[in-house]
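Participant: just a sequence and a predicted model for now, questions to come.
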Amino acid sequence: MRKTKKTLSLLLALAMVLTLFAGVAQASANVRITSTTAVLTPGSNKALGTVNIAFDPVIGIAPVATSTATVVMVTLPSGVTWDDYDIAAATTTPASTPGSFEWTRTLVDAQTAIFRVSSTVPLYGSLSIETRADIASDFRGDILATVAVRSEHLDATQIFWEQSETERLGRVAATGTISTAITTPVVPRGVANQLVGNIRIVEAIAGSLTDVPTEPVADRTITLTAPSGVTFQSIAAGATITAVGSSTATRILTVDVVGAQTLNITGIHLNIGTGVPDGPIFIQVSGANATVAFVPVATVGAVGVVSINPINVPADPITAGRLDRRVAGIRFSETMADAFLGNRALVLTLPEGFSWHGTATVGWELSRVVSSSGRVLTIWTIATPAGPNFDINEIDINASAAAPEGDIVVTVGGTAGPSGTVTVGRLRRPVTVTAVTVPNVRVDSLDQTIGSITITENFVGALRNGSLTVSIVDPLPGMALVGTPTVTVSDVTGTEPAVFGGTVSGTTVTFTVARPFLAATTPATITISGIRLNRTVGLLRGVPVTVEVAGTSVLETGPATEVGGVDADTGIAAITENAARGANIARVTAANVVSATARTTVFTVGQTVFTVDGVAQPPLDVAPFIQDGRTMMPIRAAANAAGVTNDRILFNAGVITIMGDNRIAQFTLGSRVMLVNNTVITMAVAPAQVANRALIPVRYVAAALGVPVAWDVTARTVTVSVQ
């Protein structure tokens, strides 16, 4: 056993008064037993609390004929064994002569020790016992010792009194450490010597790391291990640590602990490789007496490094089909020093339908490249900008006629650091183009009118002084527009633009728009009608006739010049104004192409007048009527509406034969049986004869010949369409 310094004293060992009657026990509370509690960790030679025994002469024992002895027995709990124990030199009261008292100690077993004090003169005061023990590694909780005190004859032949109590000499908590990050800054990848967050290591209880600085270094070392791709550049020595082995570019760093309950490791500088992924950087904390932990000391990635916001936002949106329009500038704000990297590419990408125009102004030296698509602007950062904020101003863009309405969102990327999106403006379309009517035009026909078109301003002043054109899209060879179209302008405020002209050239009609000096207060609406198509040879049935609206009144003026020139370094050709603004502002369907025999016939129940392609025809002899839920009408009128000429309608003894292109239908007056190519079909109602005219259900005629029929219950009309 290791002998410790004798710091505890025997102030006065005994307070005994010789009793007049030897062998008679006195009161049970003859001494006051107390103890102190130490917070400990498992291990050897741990200092437990002190056992204190106070003697009071008032309640002391009367002396006997011979001297007495006081015996103290301390028993430790299971898992705790004696390592060392001691009673310091004593001072007696009154002062004693040498040899007037003596003490001894005896180890009964690993858990029980006996202390015996004897004296030839009366003594009083207190007795303090220092205890040291070995604590098993799995012991947890309170160390409860049994302390028994008795007074006996010097020759141990007689016990005068005895007292026993349980005292807590220590408490053993869980060992180990708790490691946390003080800060977790955002750092860029591919950059050396980056200052990251501090690490705080807190002992679960005092002594978890070490008790004394003289213990071996291996038992008091904290090891920090960086993840793959990350190495330690350096580490600063704090108040409670000493940096050991902090060599440059190693993933493992050791820190010698000199004994502290809280350990702050500061000044950690890391080299972060280019291949380190976005996300937190975890440093592993380990050691002989430390709990393994993974502590995030930094975050890699662009998120939060540079914020991107618009500045100098224009009050009004820009208009589709316009060139060289100013949008908001872009401000980049660093949230950490040197987040924006020099000698890297900053890439700004516009959405589809937009292109860059001219040269933006930035706060540091750059080289500008306009890509072949015109949507990508690349800025090469020659040096890291000074200051936390830096701007790109005087940004001009082209908005094509096809650009989508709404926010104009620029995507920021590249290798310079910033990443994200920023809204630099809004786009509005100047006009809305719709077709009022979409009539049918027959193939191989001349001089057919296509539908009327309305052009409505989406805001006042959208139509500017200039030309307004309506053109056939993808015209066939020899196709032409003819006649003189008409144009009308809404007159709400009296200041709408004047539109005149209507000059036809080939497949384009051109009008002139002249806005008055007095500004309008409401948007204008222009209606163009009477445009006629003079050639449909070669058109395919079912393919619509499409027209497009263009002209300098709705698209940017100016020649088809280059925008931005050719980049000297890359040789990438610049875009042109035509490519930037687009060829038209809108396209609409103005007519549907049908066959040469196509027609639409409309009958009205109860009326003899009917129409073909909207034109009134000679009245019927008998008006259509409804019988048993079916519309009945003269057979000849129903067959003509289905595209059958009179010479292909035969009557023979009450049998009516109708010959279509590839079907033959037969009906018999008074019979609900219908034959279609000799296939029997039963009808809901039979053909009848009224006023010497044979009437037949029109739906069955159309169905037999494969012609669609539509019934309008409100208007009580039947529409038969032949394509």
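Facilitator: That came through fine. Residues are numbered from 1 along each chain as shown.
Participant: surely Gly229 touches Val276?
Facilitator: Yes. In this structure Gly229 lies within contact range of Val276 using Cβ atoms under 8 Å: 4.4 Å. Using the backbone N, CA and C atoms, a C-beta is placed for each residue, glycine as well.
Participant: who's more crowded, these two?
Facilitator: The residue with more neighbours, out of Gly229 and Val276, is Val276; 19 against 16, by other Cβ atoms under 10 Å.
Participant: ok, the more buried one - contacts?
Facilitator: Going by Cβ atoms under 8 Å, 6 or more residues apart in numbering, Val276 touches 189, 227, 229-230, 300.
Participant: one more time with 7 Å, if that's ok
Facilitator: Val276 makes contact with 189, 229-230, 300, according to Cβ atoms under 7 Å, 6 or more residues apart in numbering.
Participant: which ones among those are found in strands?
Facilitator: Members of the contacts of Val276 lying in strands (criterion: DSSP state E): 230, 300.
Participant: Ser137: which of the contacts of Val276 is nearest?
Facilitator: Of all the contacts of Val276, Val230 has the smallest distance to Ser137: 35.1 Å, by Cβ to Cβ.
Participant: residues near the closest one, how many?
Facilitator: Count around Val230 with other Cβ under 10 Å applied: 22.
Participant: residues contacting it?
Facilitator: Neighbouring residues of Val230 by Cβ under 7 Å, 6+ apart: 251, 270-273, 276, 281.
Participant: tell me which residues form a beta bridge with it?
Facilitator: Using DSSP bridges, the beta-bridge partners of Val230 come out as Ile272.
Participant: look up how far Gln284 lies from it.
Facilitator: The gap separating Val230 from Gln284 is 11 Å, by Cβ to Cβ, to the nearest Å.
Participant: what's the answer for Ile656, then?
Facilitator: 97 Å.
Participant: which one of the contacts of Val230 has the most neighbours?
Facilitator: Counting neighbours by other Cβ under 10 Å, Leu270 leads the contacts of Val230 with 26 neighbours.
Participant: give me the element that residue is part of.
Facilitator: Here Leu270, judged by DSSP states H and E, is contained in strand 269-272.
Participant: how far does that strand sit from its chain's centre?
Facilitator: 28 Å (Cα atoms, centre = their mean, to the nearest Å).
Participant: and the next element down the chain from that strand?
Facilitator: Downstream of strand 269-272 (by DSSP H and E), the next one is strand 279-287.
Participant: extract the C-alpha trace of that next one and format it as CSV.
Facilitator: Extracted C-alpha coordinates of strand 279-287, given in CSV (Å, rounded to 0.1, in the frame of the first residue of the first chain):
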residue,chain,number,x,y,z
GLY,A,279,-22.4,19.1,-45.7
PRO,A,280,-20.9,19.0,-42.2
ILE,A,281,-17.3,18.2,-41.4
PHE,A,282,-17.2,15.8,-38.4
ILE,A,283,-14.0,15.5,-36.3
GLN,A,284,-13.8,12.3,-34.3
VAL,A,285,-12.8,12.8,-30.7
SER,A,286,-11.3,9.7,-29.0
GLY,A,287,-8.8,8.8,-26.3
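Participant: mind listing what's buried in that strand?
Facilitator: Within strand 279-287, the residues that qualify as buried are 281-287, counting by 16 or more other Cβ atoms under 10 Å.
Participant: between those, which is closest to Pro42?
Facilitator: Of those, the one sitting nearest to Pro42 (Cβ to Cβ) turns out to be Gly287, at 16.6 Å.
Participant: can you pull the contacts of the closest one?
Facilitator: By Cβ under 7 Å, 6+ apart, the contact list for Gly287 reads 221-223.
Participant: not counting its neighbours along the chain, what's nearest Val698?
Facilitator: Leaving aside its chain neighbours, Val698 sits nearest to Ala638 (4.5 Å; criterion: Cβ to Cβ, 6 or more residues apart in numbering).
Participant: quick one: average pLDDT of the stretch of helix or strand Asn309 belongs to?
Facilitator: Taking DSSP H and E as the definition, Asn309 sits inside strand 306-311. The pLDDT scores in strand 306-311 average 85.
Participant: in it, what counts as buried?
Facilitator: Under the neighbour-count criterion of 16+ other Cβ under 10 Å, strand 306-311 has 306-307, 310 buried.
Participant: ok, the residues you listed vs Ser400, which is closest?
Facilitator: Ser400 lies nearest to Pro310 out of those, by Cβ to Cβ, at 21.6 Å.
Participant: what about the residue nearest to that closest one when sequence neighbours are not counted, distance to Glu352?
Facilitator: Distance criterion Cβ to Cβ, 6+ apart; nearest residue to Pro310, sequence neighbours excluded, is Ala328 at 3.9 Å. Remark: distance between Ala328 and Glu352 (Cβ to Cβ) = 19 Å.
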